[in-house]
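Chemist: Only the shape, not the letters, is given here:
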C-alpha cells in the first residue's frame, strides 16, 4: 500500500443489516422504526442507523485490504445524508499518509449512494501490527 | 526556528490530538506528566508531528526519545538538515 492508493468497495444496505442492527443494539427511535414519523420529518421512509457504516468500515479494513495485520486506532464520520433499506453504497477510501516509523496509515473515505449522493465522509486511521 | 518555537507547536499538536485544552508542555515533559498520553495516543502524536513539520522519524528514533525536549530537538535537526 502507498500514499494515494484508492480502494473502492460496494455495500448494500439490506433489510437483514437494518433489522440485525435494530435487534442487537435496540435503538428503536421512531426515525428508524416508524415510517409515518420519518415521513412527517421529511424523509421518504425510516432512515437506517448511521453507525451501520461503521460496520461497513470494519469489513473494509478487516477484509478488503491486501494485508491482515491491521487494527483501527482512530475513526471519524460526518453524516451528510440518510440511507434507506435497499440502497447501494459505494465506499471510496484513499490513503492520505503512511508513517513508516509508527506503522500508521491514514485513510480519507466517503460513502455515496446509487444516485451518487454523498451519504457520509470521514477519516480512519489504522496501525499495522 | 528555535527549540522553544518547536515546543510551542508541539503544545498545540498535543492539545489537538489529546483533545485537552490545558496541556502545558516543557522540554522535560514525559508521558507521566500528560493525561491521556498513552501508547496509542503516542503513535497518533508522532504521526501528527510528522505531518505538521513534514519530517519523518525512524522507529529507533521514536523509541529512544525520553522526553519532549529530545523530540523537539530531533525535529529541529531534521528541519535544519532539510534546509542545509
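Modeler: That came in fine, so what should we check first? For clarity, every value in this text was computed on a predicted model and none was experimentally measured.
Chemist: for stretch B:40-50, which positions count as buried?
Modeler: For stretch B:40-50, burial by neighbour count (16 or more other Cβ atoms under 10 Å in any protein chain shown) applies to B:41, B:43-50. All C-beta atoms are positioned from the backbone trio N, CA, C, and that covers glycine.
Chemist: for chain A, what are the nearby residues on chain B?
Modeler: Residues of chain B found near chain A (Cβ under 8 Å from any Cβ of the partner chain) are B:40, B:43-44, B:46-47, B:50-51, B:56-59, B:61-62.
Chemist: Check chain A for its longest helix and report it.
Modeler: The longest helix of chain A (DSSP state H) is helix A:15-25.
Chemist: helices or strands next to the helix or strand just after that one in the packing?
Modeler: Remark: after helix A:15-25, the chain's next helix or strand is helix A:30-33, criterion DSSP states H and E. Applying 3 or more Cβ pairs under 8 Å, 6 or more residues apart in numbering or on different chains; DSSP states H and E, we find helix A:30-33 packed against helix A:35-40.
Chemist: Could you list every helix and strand that the helix it packs on packs against?
Modeler: Here helix A:35-40 touches helix A:30-33, going by 3+ Cβ pairs under 8 Å, 6+ apart.
Chemist: quick one: buried residues of the helix it packs on?
Modeler: Result for helix A:30-33 [16+ other Cβ under 10 Å]: buried residues A:31-32.
Chemist: mind listing what's buried in the longest helix of chain A?
Modeler: Buried residues in helix A:15-25, defined by neighbour count with 16+ other Cβ under 10 Å: A:17-18, A:21-22.
Chemist: and if you look at stretch B:49-68?
Modeler: With burial defined by 16+ other Cβ under 10 Å, the residues of stretch B:49-68 counted as buried are B:49-50, B:53, B:55, B:57, B:61-62, B:65, B:67-68.
Chemist: okay, these in CSV with secondary structure and pLDDT next?
Modeler: Formatted as CSV, those follow (DSSP: H, G, I helix; E, B strand; the rest coil; pLDDT from 0 to 100):
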residue, secondary structure, pLDDT
B:49, helix, 97
B:50, helix, 97
B:53, helix, 97
B:55, coil, 96
B:57, coil, 96
B:61, helix, 93
B:62, helix, 92
B:65, coil, 94
B:67, coil, 96
B:68, helix, 97
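Chemist: Tabulate those residues in a markdown table, adding columns for distance to residue B:4.
Modeler: Formatted as a markdown table, the buried residues of stretch B:49-68 follow (distance: Cβ to Cβ, whole Å):
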| residue | distance to residue B:4 |
| --- | --- |
| B:49 | 16 |
| B:50 | 21 |
| B:53 | 15 |
| B:55 | 18 |
| B:57 | 21 |
| B:61 | 21 |
| B:62 | 22 |
| B:65 | 18 |
| B:67 | 15 |
| B:68 | 12 |
